[in-house]
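sequence and predicted model, in that order:
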Amino acid sequence: DQAEGVKVVAYSCDTEPTPAVVHLASGADVLLHESSGGGVGHSSAADAGAMAHQAEVGRLMLIHYPTIDLDEAALIREAQTTFAGRVELAHDFQEIEL
């Protein structure tokens, strides 16, 4: 359990789905997770959502995603197929309010 007032952010990039991410992010307030597409060493947005769901995080922020012809809404919808919590895209120099 987290101490009162303590916030936890977990970050996973260039990672295919693995129980280690679930363990790392377990109960985190925010999980930043790559969504560059499924394949060896990488995760899709749905994979990231599944990791967020299993880790029971409060919020999922997708990072390291393809930017050419990016459809932000579609990427978020894909993550929401496996995670019912808040999903958003992380952007360069973004400040995250906890």
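Good, I have the coordinates.

quick one, what contacts the residue nearest the centre of the chain?
The chain has His33 as the residue nearest its centroid, 3.5 Å off, counting by CA atoms, centre = their mean. Applying CB atoms under 8 Å, 6 or more residues apart in numbering to His33 gives the contacts 11-13, 15, 21, 25, 43, 48, 51-52, 60-63. Heads up, the C-betas are built off the backbone N, CA and C, glycines and all.

what does Met61 give?
With CB under 8 Å, 6+ apart, Met61 has these contacts: Val30, Leu31, Leu32, His33, Val87, Glu88, Leu89, Ala90, Ile96.

any idea how far the residue nearest to Arg86 when sequence neighbours are not counted lies from Asp92?
Nearest residue to Arg86, sequence neighbours excluded (CB to CB, 6 or more residues apart in numbering): Arg59, at 4.4 Å. Here Arg59 is placed at a distance of 19 Å from Asp92 (CB to CB, to the nearest Å).

more neighbours: those two, which one.
Counted by other CB atoms under 10 Å, Arg59 and Asp92 do not tie: Arg59 has more neighbours, with 18 against 5.
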